[in-house]
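K.L.:
everything below, folded, please.
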Amino acid sequence: MVKRSFVLIPEEASTLEGILKNCTDEASRCRLQAVLWYGTGLPVAEITSRLGCSRSSLLSWCQAYRTSGALGLIDRRLGGNNCRLTPAQVADLKEHLQTLTPRDVLSRKAATPDGLEWTVHDLYRLVRMWYGVVYRSSTSYYNLFARLDLKAPREKEKV
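P.N.:
Predicted coordinates for the structure are as follows:
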């Protein structure tokens, strides 16, 4: 059995417990808890099972704690690509996309030469034009295709 090189001294564990009590962000709480448990000797298998994380994530969080302290465990993702269309707008968009083609709406500016299949770029232009909404990532448009129960384009495109 390999001896752990990462062990928290009681003061560090106490500090992490205090931060954990005041932390409201779930992703950061998970990281803090994982490092606390690992640093106090809980087996890796038990930590990964309890938190639903991978061994590699656990070890990278411990490394982040070693280099940056508790601040290295704070979730810094920006988010913000959540649904920006109302349910009524989604229903309206679905109805239009099922009855119209890109050529009908965008004429010669459709992304495909024949203008018969919807693409991410077409959806981007349409959502921006009709609803004034722009998502930051093309993945959000693929997710929108899924929410509309429409066949998503075959290839990933940049918006």
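K.L.:
could you give the number of residues near A110?
P.N.:
21 (other C-beta atoms under 10 Å). C-betas here are computed from N, CA, C, even on glycine.
K.L.:
before we move on, what about R147?
P.N.:
With other C-beta under 10 Å as criterion, R147 counts 13.
K.L.:
dihedrals phi and psi, the closest residue to C62 other than its chain neighbours?
P.N.:
The shortest distance from C62 to any non-neighbouring residue, by C-beta to C-beta, 6 or more residues apart in numbering, is to F6 (5.0 Å). Main-chain torsions, F6, degrees, to the nearest 10: phi -100, psi 110.
K.L.:
contacting residues for the closest residue to G115 other than its chain neighbours?
P.N.:
Distances taken as C-beta to C-beta, 6+ apart place R103 nearest to G115, at 2.8 Å, with adjacent residues excluded. Neighbour list for R103: 110, 114-116 [criterion: C-beta atoms under 8 Å, 6 or more residues apart in numbering].
K.L.:
repeat for L58
P.N.:
So L58 contacts 34, 38, 44, 47-48 (C-beta under 8 Å, 6+ apart).
K.L.:
so which helix or strand takes in the residue nearest to G115?
P.N.:
For R103, the element it lies in under DSSP states H and E is helix 102-106.
K.L.:
got the buried residues for that helix?
P.N.:
102-103, 105-106 (16 or more other C-beta atoms under 10 Å).
K.L.:
coming back round to it: name the member of the contacts of L58 that has the highest neighbour count.
P.N.:
A34 (24 neighbours).
K.L.:
check contacts around that one.
P.N.:
47, 51, 53, 57-58, 61-62.
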